[in-house]
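Novice: next come a sequence and a model predicted from it.
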Amino acid sequence: MTDYKSKVHNLFATMNFIASEKMRFYGMVTWNKAESALDEVQMPDLAEISALTGGDLVENQDYDFTNMNSYSDLDYTLFKFNGGFSYKLSPTMTFTFDGEYADLTDDQGYVFGNESGSYFMIRSGFNINF
Amino acid sequence: MKSMLKFVFVLVVLLLASSIVFAGDGPTTESYSIWIGGHYTEFSDYAKKVGEYNKGDNETLPEFALNYLSTGSNSIFRFTSHYYDNKNAFAKLQSTISDKMKLSVQYRSLLKQEGQDLLTNIEAREYLPATDALSGKMLTHDIQDPNADYNTHRQEILTKFSLLLSEKNNVRLNATHRMILKNGHEQKIASTHCFSCHLTSMSAEVNNTQHNLEVGVDADVANFNIGYQFGYRLYDPQNSKSITYYDDARHPTNGGSGGEFGPRVIYEDTEAEFSVVPKTEKMSHKVKFKRNVGQGYLAGVIGYASAENKFTSLKTNSYSSIFNYATFLDMKTKLITKVALSKFDSDSIYIDLPTFREGLADSNYVDFDFTRYSALNRTNVNLSAELIKRMNAKTTLSGLIGYDIVNRDNYPTVDDGLSTKKLYLQGKLKYRQGLSMRSSLKVRFEKISDPFVSGRGFFEEAGHGDARLEPLVPTSNWVFYFQRESLRYQDITTLPTQVLSFDWNMSYNPSMKLSATFGLKGKLDKNDDLDSLDVEHSSFIPSITVMYNPTERFSMHTGYSYNYDKSRLPITVAVFDG
């Protein structure tokens, strides 16, 4: 028997700012940290099992369970930021620009290997109202 | 560019078709907007997790959005669309003509990246301390396509339609169709038997189609609102077959004794299909009614559904009925009662297996053929009553009591299944102080008897000298692995027998510029009715959000939540010793 604990933190902040009739800013930042781990496992005493079975079952046993509970640990941290602005060029046309950056840190690397990575995206365009 | 042009063509066709259909109404207002631009994406290191729903390429692509709104004297027509790239796009068309007709067609497309299980934890080899040498017993893995780029493209078309067929009796036709197409490539893993004891990973094509259709008619007849609904669901995986080679069976250490080990396994020295997903079809019929009775109403739904595995012709039939009665006991007190009864009945199937060790000289043969009776077969009963009382202008109090029964037919033994019973009590308090503060607290307790447990025991006794492990036939002293089934013990489940949960939240608005919400959810459960194990879970989720609007031009919103889960459970360690 052992305990499996999972701890997840989520933090976010968003803002909108209308600087003028023509210009508007917006942004969002999120931070997420997720950890999961087993507590240390109290494994059966091999000497006791050996005595119970006359040594037959554990003839080949030479196991070390010291770090076994950490084999399936998960530890991810994700930081994400996006923001942008729009500027009204005329009553019917608006210029827009926004971007996003995300960075994921995988401190354990399990099943799929180390999944740490980052990306950014920038976008721009014109909005036309008819 | 080709896919973008195709997307634009479909949008234009939809708009033209819609303009013809709704031309007679004569729009009074009309507006549309076009956004044209582009984006650049760049990834570093491992892209599949951080860019799970992105293509994952460093590239510059065109992007556009088109929106259109037309309102007539008694109609609304709205069209929205967004093209991000050839795998991620969205379009929705909505139209309403008074209360006579509503139509909505939506298209969504997205890409999902899939990681590759590296199987690095599947690697072990027996060590012999006496000779300080590695033995021949080993567990290995083989990734045939290490550079595979696994991802799936999901496209969904959702259509909803509602038409008033007759104003007399308010006869209305409702129909919904959802089609999901999924294609791409995914990882599949085959496991081979003891001689070579290894897992083989390979790429497999994904090409699934799913249709969900619901068509129904509602009408008001006399004092009843009655309706009928037909449902149809088809899941058709038109994937390419995944084939693997199953080794010839031999002794795991010395590679010999093929004649002994071969007749012990079902597949040997042959190629066979694995990881087969069946084509399934489901049809359902529902009849519903609702009628005002006194100060309240009585409502009910009676249904029948039949699902079939088209590969094996196995069927599951289900029968269900739900009845609700709600009434006001006085001006401030409401009573809601519910009764539900359902039954599931799946076909049994005869499993015809090769005779164990057939043809060997010692006659230790065993016929493992058996009939598999479905663990799904059961009868469910759900009863509940809720009393809601408005104590005063600020406070509402409610209490709920319920009793659920799951009566299994065949699990763990045929015609003598487990019966799980759950009694639950729930109290809820709502408090409101004008617009400045409101809060609610819900507390629920559940008591469960005989939750679903493993039918065959979780652990296995040592077995040496155990009288239950007798040789199979008198002429032999051989005891086989499969006979150790009789040494298994320990009921095991992760399901609780007692659950206590609570949910508290409060919103506080000291001014028009500032508001805050606080929340705390929690759940504690345990099962101390098992032979020798105690299972416990606990979880807590505190949260806070703050909104601040100091001026008309500036607003901000921030929040934090913490999710803590703890499970006390047995852990099974895979010890490698042949």
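Specialist: That came in fine, so what should we check first?
Novice: can you show me the strands along chain A?
Specialist: A:2-18, A:23-38, A:74-88, A:93-106, A:117-129 (DSSP state E).
Novice: show the pLDDT at residue 125.
Specialist: Assuming you mean chain A. According to the prediction, residue A:125 has pLDDT 98.
Novice: wait, chain B was what I had in mind.
Specialist: 79.
Novice: same question, residue B:154
Specialist: pLDDT, residue B:154: 97.
Novice: neighbours around it, how many?
Specialist: Counted with other Cβ atoms under 10 Å in any protein chain shown, the neighbours of residue B:154 add up to 17. Every residue, glycine included, has its C-beta placed from N, CA and C.
Novice: residue B:73 now?
Specialist: With other Cβ under 10 Å as criterion, residue B:73 counts 9.
Novice: right, and it touches residue B:98 too?
Specialist: No. If you go by Cβ atoms under 8 Å, residue B:73 and residue B:98 don't touch, sitting 9.3 Å apart.
Novice: which strands border whichever strand or helix holds residue B:175, and is each parallel or antiparallel?
Specialist: Secondary structure from DSSP states H and E places residue B:175 in strand B:171-191. Strand B:171-191 has its sheet partners listed here by DSSP bridges as strand B:151-166 (antiparallel), strand B:198-221 (antiparallel).
Novice: what's near enough to touch the residue of chain B found nearest chain A?
Specialist: Closest residue of chain B to chain A, Cβ to the nearest Cβ: residue B:37 (1.8 Å). Going by Cβ atoms under 8 Å, 6 or more residues apart in numbering or on different chains, residue B:37 touches A:96, A:123, A:124, A:125, A:126, B:62, B:63, B:64.
Novice: with respect to residue B:371, which of the residues you listed is nearest?
Specialist: Nearest to residue B:371 among the contacts of residue B:37 is residue B:63, at 58.5 Å by Cβ to Cβ.
Novice: check whether the one helix or strand that closest one maps to comes into contact with chain A.
Specialist: Residue B:63 belongs to strand B:59-71 when assigned by DSSP H and E. Yes. Applying Cβ under 8 Å from any Cβ of the partner chain, one finds strand B:59-71 touching chain A at B:63, B:64.
Novice: any residue of whichever helix or strand comes after that strand up close to chain A?
Specialist: Using DSSP H and E, the helix or strand that follows strand B:59-71 in sequence is strand B:75-85. No. Using Cβ under 8 Å from any Cβ, strand B:75-85 never reaches chain A; the gap is at least 9.4 Å.
Novice: can you list the strands that strand B:75-85 pairs with?
Specialist: strand B:59-71 (antiparallel), strand B:88-97 (antiparallel).
Novice: state the helix or strand in which residue B:518 lies.
Specialist: Here residue B:518 is assigned to strand B:514-527, by DSSP H and E.
Novice: any low-confidence regions in the chain?
Specialist: Defaulting to chain A. A:44, A:46, A:49-50, A:52-64 (pLDDT under 70).
Novice: could you do chain B instead?
Specialist: Residues of chain B that meet the cut-off, pLDDT under 70, sit at B:1-27, B:194-195, B:464, B:574-578.
Novice: please parse it into its domains.
Specialist: The record assigns chain B these domain ranges, following automatic domain parsing: B:1-113, B:116-277, B:292-447, B:456-490, B:495-578.
Novice: the stretch 1-150 of chain B: strands as residue ranges?
Specialist: B:29-45, B:59-71, B:75-85, B:88-97, B:101-113, B:124-128, B:133-143 (DSSP state E, counting those that start in this stretch).
Novice: quick check: angle from the fourth one to strand B:101-113?
Specialist: The directions of strand B:88-97 and strand B:101-113 differ by 170 degrees, with axes from the mean of the first three to the mean of the last three Cα atoms, to 10 degrees as the criterion.
Novice: residue B:163 reaches residue B:98, doesn't it?
Specialist: No. The pair formed by residue B:163 and residue B:98 falls short of the contact definition of Cβ under 8 Å, at 11.7 Å.
Novice: save the domains of chain B as CSV, and put in distance to residue B:285 too.
Specialist: Formatted as CSV, the domains of chain B follow (distance: least, Cβ to Cβ, whole Å):
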stretch, distance to residue B:285
domain B:1-113, 24
domain B:116-277, 6
domain B:292-447, 5
domain B:456-490, 38
domain B:495-578, 33
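Novice: burial of residue B:204, as a residue count?
Specialist: 20.
Novice: in chain A, which residue sits nearest chain B?
Specialist: For chain A, Cβ to the nearest Cβ, closest residue to chain B: residue A:125, 1.8 Å.
Novice: so how far is residue B:88 from that residue?
Specialist: Distance from residue A:125 to residue B:88, counting by Cβ to Cβ, to the nearest Å: 16 Å.
Novice: which of the two has more neighbours?
Specialist: A count of neighbours by other Cβ under 10 Å puts residue A:125 above the other of residue A:125 and residue B:88, at 20 against 17.
Novice: in the helix or strand hosting residue B:430, which residues are buried?
Specialist: Assigned by DSSP H and E, residue B:430 belongs to strand B:416-433. Burial within strand B:416-433, assessed by neighbour count using 16 or more other Cβ atoms under 10 Å in any protein chain shown, is assigned to B:417, B:418, B:420, B:422, B:424, B:426, B:428, B:430, B:431.
Novice: as CSV, these with distance to chain A would be great.
Specialist: Shown next, in CSV, are the buried residues of strand B:416-433 (distance: Cβ to the nearest Cβ, whole Å):
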residue, distance to chain A
B:417, 28
B:418, 24
B:420, 24
B:422, 25
B:424, 26
B:426, 26
B:428, 26
B:430, 27
B:431, 27
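Novice: of all the residues you listed, which comes closest to residue B:388?
Specialist: Closest to residue B:388, out of all of these and judged by Cβ to Cβ, is residue B:428, at 8.5 Å.
Novice: what sits against that closest one?
Specialist: B:397, B:398, B:399, B:400, B:440, B:441, B:442, B:443.
Novice: in PyMOL, select just the buried ones from these.
Specialist: To isolate the buried ones among the contacts of residue B:428 in PyMOL, judged by 16+ other Cβ under 10 Å, type:
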select buried, chain B and resi 398+400+442
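Novice: from the contacts of residue B:428, which land in strands?
Specialist: Going by DSSP E, the strands hold B:397, B:398, B:399, B:400, B:440, B:441, B:442, B:443 from those.
Novice: dump those to a markdown table, plus distance to residue B:471.
Specialist: Output for the ones in strands among the contacts of residue B:428, formatted as a markdown table (distance: Cβ to Cβ, whole Å):
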| residue | distance to residue B:471 |
| --- | --- |
| B:397 | 69 |
| B:398 | 65 |
| B:399 | 63 |
| B:400 | 59 |
| B:440 | 67 |
| B:441 | 65 |
| B:442 | 61 |
| B:443 | 59 |
